[in-house]
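Undergrad: sequence first, then the predicted structure:
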Amino acid sequence: MDNRAKVIVVGSGLAGSRTAQFLQEYCDVTLLTKGELMDANSALAQGGIAAALNTGDSVNSHFADSMLAGGNESDKNNLKILIREGRKDVKTLIQEGMEFDRNADGSLNFGLEGAHSTPRIVHAGGDFTGKKVLEFVQSKFQNIRVITNAFVSELLVRNTKNGSEVYGVRFLDKQNREMIQIADFVVIATGGLGKMYKFNTNSSTVCADGFALAKRAGAKLRDMEFVQFHPTLLKSTTPILISEAVRGAGAKLVNSDGDYFMKNKHKYEDLAPRDIVSREITREITLGKDVFLDASACANFEKRFPFIAQKLKENDIRRDRIPIIPAAHFFMGGVTVDSTGRSNLRNLYAVGEVASTRAHGANRLASNSLLECLVFSRRVAQDILSRKLNHNPEQIEAIRATETSQIHVPSLMQIQEKASCSIGIIKKQAKLRDFMNWLSKFDTQKISTSKEINELENLVLVAREICAASLKRSTSLGAHYIEVDV
Ligand SMILES: Cc1cc2nc3c(=O)[nH]c(=O)nc-3n(C[C@H](O)[C@H](O)[C@H](O)COP(=O)(O)OP(=O)(O)OC[C@H]3O[C@@H](n4cnc5c(N)ncnc54)[C@H](O)[C@@H]3O)c2cc1C
């Protein structure tokens, strides 16, 4: 009889993979992920991981920068945990063998990014940081049951005398069969919601599922109005993110009239917080101008940004005239959790971008999210290991006939168009109300047995949450920018 705790981790980004890695020695771990193992935003991260490890840097300085970027809305305790423990977690990763880029003298090479007062971003393979870190963590998997192409569609909840508790998940496997997996603990690490928007930087598997799963199960969501837009997505048929680190290395934003329009807009100019830069770009675009990144001043561009340099070459784009557009990038809100990742539902944890620890406040500081994955995955794992076991029934696998779905949902294109214009970079109350009315036509409580339809239902449900939260907050704060109706 295996007396180890059964843990299901949903999502194979850095948050899920690191949680599974920590637990594999002590628990019976199943990792379910929607696509292949590397299909995750974590694998796309370019800039790196922020950690106050540079000479002259300090925990206080990193804390102050994060607090300021977050509109002073961060949960101070969780932000302190993130920054203080994050230094140790990055060092642990290095001790385990992870290789970050170094200077000729062997010291870590720290990059600078928007709203950081000093260079503190460790990176790997130039701009391949996320891929390198995720591959490294997954290379440590030894004792984990990995099920890829597993689309988790429902959290299983039962009522107990201590309240509701989660005891497993329902998922569609590669053959589209419905499966049930029972566990003592479920950790959702499903990332954010980029797919909601027409222009986004995210992996196509990152589709708001985790928020919808949690909400339907009865978990609390919060801060749903805070969607972060990244200022610089390459405007092309094969869009990619142009990391903030490129501006950190000297690139400047310029409009089609040749104006360096961020000058005098903020003390950090092009490296102002993302919401400010995204809004200024949006204003230029609204005036009918195109916006470019002029990266001609960046030294060692090909070496420092090999991925971006390659993509520019493939698209025949000059380095001094890179066409860009702001795009949905990161989500500060999510499933309400405490500093150990526990949600309000017993045995349900959330970690990474899907979770809201409030460490990021109303706007995340660049490169604090991979750090969040490292710190809070360890904390979730430690908390699970400290829990007394009250074993759930043995795993059962149920195969049910797939039903034809009759659920009425809008198309992805409709959702993206409407979301981009109503819950985007600049919000207006009248548009929010119109969008809310439109969304209310769709039923999101039934769960479709089609993965595609289920994804659309999830987007509708979460769009509604964003709309409602945005309507409630009538004044602008951080990434939530709302203009008064005239
Ligand atoms: C282009 C880009 C660049 C970035 N650069 C940086 C950076 O330099 N530094 C930084 O700190 N942050 C960066 N970020 C943000 C950072 O990458 C993410 O916030 C972080 O990686 C989130 O990790 P995660 O593990 O929570 O989610 P993800 O890495 O997004 O993983 C989510 C996982 O859940 C799976 N999943 C989703 N729904 C389901 C479902 N229903 N069933 C099963 N599995 C599911 C997905 O397939 C995926 O495997 C960047 C983000 C992007 C998009």
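TA: Yes, it's here.
Undergrad: what about the residue of the stretch 151-300 of the chain found nearest the ligand, which SS state?
TA: The stretch 151-300 of the chain approaches the ligand most closely through residue 191 (2.6 Å), counting by C-beta to the nearest ligand atom. Any C-beta I mention is one placed from the backbone N, CA and C, and that applies to glycine too. With DSSP: H, G, I helix; E, B strand; the rest coil as the basis, residue 191 sits in coil.
Undergrad: next one: residue 55
TA: coil.
Undergrad: in the stretch 301-450 of the chain, what residue is nearest the ligand?
TA: The ligand sits closest to residue 352 of the stretch 301-450 of the chain, with a gap of 2.2 Å, by C-beta to the nearest ligand atom.
Undergrad: how many residues are close by that residue?
TA: Residue 352: 33 surrounding residues under other C-beta atoms under 10 Å.
Undergrad: now for this protein, the helix or strand with the poorest mean pLDDT.
TA: Using mean pLDDT, DSSP states H and E, the weakest-scoring helix or strand in the chain turns out to be helix 244-248, at a mean of 89.
Undergrad: residues in contact with it?
TA: With contact meaning C-beta atoms under 8 Å, 6 or more residues apart in numbering, helix 244-248 is reached by 46-48, 111-114, 116, 119, 121, 123, 127, 230-232, 253, 270-271, 274, 293, 295, 298, 304-305, 308, 366.
Undergrad: with stretch 461-471 instead?
TA: 193, 196, 208, 211-212, 215-216, 221, 223-225, 227, 333, 415, 418-419, 422-423, 427, 429, 432-433, 435-436, 439-440, 444, 480, 482.
Undergrad: is the ligand contacted by that stretch?
TA: No. On the criterion C-beta under 6 Å from any ligand atom, stretch 461-471 is out of touch with the ligand, staying 11.8 Å away.
Undergrad: the stretch 301-450 of the chain: helices as residue ranges?
TA: Along the stretch 301-450 of the chain, counting by DSSP state H, counting those that start in this stretch, helices occupy 301-304, 306-314, 369-386, 412-422, 429-439.
Undergrad: quick one: the longest one to chain centroid distance?
TA: In this case it means helix 369-386. Its chain's C-alpha centre and that of helix 369-386 lie 15 Å apart, by C-alpha atoms, centre = their mean, to the nearest Å.
Undergrad: which strands or helices does the helix or strand just after the least confident helix or strand of the chain pack on?
TA: Scanning forward in sequence from helix 244-248 by DSSP states H and E, the next helix or strand is strand 252-255. Contacts defined by 3 or more C-beta pairs under 8 Å, 6 or more residues apart in numbering; DSSP states H and E place strand 252-255 against helix 274-286, strand 291-294.
Undergrad: what lines up beside strand 252-255 in the sheet?
TA: According to DSSP bridges, strand 252-255 has the following sheet partners: strand 291-294 (antiparallel).
Undergrad: contacts for the strand it pairs with?
TA: For strand 291-294, contacts defined as C-beta under 8 Å, 6+ apart pick out 232, 242, 246-247, 251-256, 281, 284-285, 320-325.
Undergrad: show the buried residues in these.
TA: 232, 242, 246-247, 251-255, 281, 284, 322-325 (16 or more other C-beta atoms under 10 Å).
Undergrad: quick check: the farthest pair among those?
TA: Greatest spacing in the buried ones among the contacts of strand 291-294, by C-beta to C-beta: 246 and 284 (18.4 Å).
Undergrad: surely residue 376 meets residue 357?
TA: Yes. Using C-beta atoms under 8 Å, residue 376 is in contact with residue 357, at 6.5 Å.
Undergrad: would you mind telling me which of these two has the busier surroundings?
TA: Taking other C-beta under 10 Å, residue 376 and residue 357 do not tie; residue 376 has more neighbours (31 against 26).
Undergrad: ok, now which ones touch that one?
TA: Neighbouring residues of residue 376 by C-beta under 8 Å, 6+ apart: 15, 82, 339, 341, 351, 352, 355, 357.
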